[in-house]
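In: The following comprises the amino acid sequence and a computationally predicted model.
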Amino acid sequence: MFRRLTLLATSCLLALSLTPVAHAAAAESYVALGDSAAAGPLIPNQILPELGCFRSDRNYAHLTSQNLGGSLKDVTCSGAKTRHMYESQETDLGSVPPQLNALSSSTSLVTVHIGANDVGLTGFIEDCLNLLLPGDPCNDDYQQNGRDSWRDATDALRPKIDQVIRDIRARAPQARVYVVGYATYAPVNGCWPRVPVFKADANYIRATIAYFNLMLAQQAAAQGVGFIDLQTPSEGHDPCKSSGVRWIEPYIPTTPATPFHPNALGMRNFATIVTAAVRAAV
């Protein structure tokens with residue numbers, strides 16, 4: 001879920017250490033697919049050579065791989081949509097190959113964290129920011145003739161998610177596959193003005209992301225693969241919480257991370273959740 005990098009974010013990136021990708025040799029062959037919610041933009045250290053993906057060596061895929069042992073191919077990329085599973089993605093710093101190219105018959109584990117950019121969830125959250133009182137809630141903007149445009153967009157994405165899962169299984173037939181959901185981005189009733197989203201909009205954001213995660217879980221179940229819920233365990237760690245408690249950064253981050261994206265603490269906790277889910281299934 002990644003719209004654009006501001007000049008401030010770019011300057012932060014230049015200050016980060018750059019490290020090469022490390023691969024361990026062992027039985028587990030893990031491939032991580034996904035967007036910025038998995039990649040970890042601006043979390044130190046950002047990885048060479050595909051800097052345009054803003055991928056951290058402390059994202060949950062890397063930490064999960066350390067927990068499990070074995071090798072890792074992390075091809076997560078900020079801004080990725082489902083189509084970038086199949087086609088090259090143009091980033092601000094160059095083109096990266098289709099993510100599914102990382103899979104092979106020897107792949108034993110796959111996590112896929114994708115879909116939010118297809119429907120523009122990050123943009124939706126930013127659109128609901130309201131710095132002034134009085135102001136108009138944004139949730140009414142997405143209702144027309146008794147229909148909710150975000151739910152319609154989510155439902156329209158179902159066949160694409162199904163196809164991605166089927167193609168992962170076709171390319172990595174021996175792999176355990178897990179669809180990963182999105183975290184909690186607002187508490188009940190929000191916390192305006194700390195995070196400048198009105199009460200009604202905070203609840204609408206929660207409901208919208210919950211429905212999106214439900215869709216992902218349903219499509220995973222329909223295709224016979226696992227689903228890893230990050231929304232439930234991240235309750236109480238949303239952007240309204242203090243630094244050191246929150247797993248998702250607010251509109252103005254106080255740690256190296258992109259607004260409304262996981263920070264390093266969030267990635268560590270997500271890795272614990274993903275590791276536990278994978279180990280429980282063995």
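Out: Here it is on my side, so go on. Numbers count the residues shown, from 1 in each chain.
In: When you work out contacts or count neighbours from here on, use the C-alpha atoms and nothing else.
Out: Noted.
In: can you tell me which residues contact the spatially most central residue of the chain?
Out: Nearest to the mean C-alpha position of the chain, by CA atoms, centre = their mean, lies A37 at 2.2 Å. For A37, the contact set (CA atoms under 8 Å, 6 or more residues apart in numbering) comprises M1, S78, H113, Y182, H261, P262.
In: Could you identify the helix or strand that succeeds the one helix or strand it maps to?
Out: A37 belongs to helix 36-39 when assigned by DSSP states H and E. Using DSSP H and E, the helix or strand that follows helix 36-39 in sequence is strand 46-47.
In: For burial, what's the neighbour tally of E50?
Out: 16 (other CA atoms under 10 Å).
In: meant to ask about N45
Out: By other CA under 10 Å, the residues close to N45 number 22.
In: ok, it touching S56?
Out: Yes. Using CA atoms under 8 Å, N45 makes contact with S56 at a distance of 5.4 Å.
In: doesn't A32 fall inside a helix?
Out: No. Under DSSP: H, G, I helix; E, B strand; the rest coil, A32 falls outside any helix and is assigned strand.
In: and it, bridged to which residues?
Out: The residues listed as beta-bridge partners of A32 by DSSP bridges are D74, T111.
In: how far away is it from Y60?
Out: A32 sits at a distance of 9 Å from Y60 (criterion: CA to CA, to the nearest Å).
In: so what's A32 up against?
Out: Contacts for A32 (CA under 8 Å, 6+ apart) come out as A61, L72, K73, D74, V75, T76, V110, T111, V112.
In: One more pass at 7 Å, please.
Out: Applying CA atoms under 7 Å, 6 or more residues apart in numbering to A32 gives the contacts A61, K73, D74, V75, T76, V110, T111, V112.
In: ok, the second one to P262 distance?
Out: Okay, so that is K73. From K73 over to P262 (counting by CA to CA), the distance is 20 Å.
In: In terms of neighbours, single out the busier of those two.
Out: Between K73 and P262, counting by other CA under 10 Å, P262 is the more crowded of the two (32 against 21).
In: Count the neighbours of the residue lying closest to the more buried one once chain neighbours are set aside for me.
Out: With sequence-adjacent residues excluded and distances taken as CA to CA, 6 or more residues apart in numbering, P262 is closest to I248, at 4.3 Å. Neighbourhood size, I248 [other CA under 10 Å]: 30.
In: Please report how far I248 lies from F260.
Out: In terms of CA to CA, I248 sits 6 Å off from F260.
In: overlap in contacts of the two?
Out: By CA under 7 Å, 6+ apart, I248 and F260 have these common neighbours: Y185.
In: Low-confidence ranges, the chain, go.
Out: Within the chain, the segments meeting pLDDT under 70 span 1-26, 134.
In: any idea which element T275 lies in?
Out: Using DSSP H and E, T275 sits within helix 264-280.
In: Now tell me what touches that helix from outside.
Out: Helix 264-280 has contacts (CA under 7 Å, 6+ apart) with I43, R58, N59, Y60, A61, L63, T64, N67, I228, W247, I248.
In: Restricted to buried residues, select those in ChimeraX.
Out: A single ChimeraX command selects the buried members of these (16 or more other CA atoms under 10 Å):
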select :43,58,59,60,61,63,64,228,247,248
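In: Among the contacts of helix 264-280, name the ones in helices.
Out: Counted as lying in helices by DSSP state H, out of the contacts of helix 264-280, are Y60, A61, L63, T64, N67.
In: just to revisit the earlier point, next step: the contacts of A37 restricted to helices.
Out: Among those, no member lies in helices (by DSSP H).
In: Going by distance to P49, which of those residues wins?
Out: S78 (14.3 Å; CA to CA).
In: Check the contact between the residue nearest to P262 and D238; I expect there is one.
Out: Yes. Contact criterion CA atoms under 7 Å: I248 and D238 qualify, at 5.6 Å.
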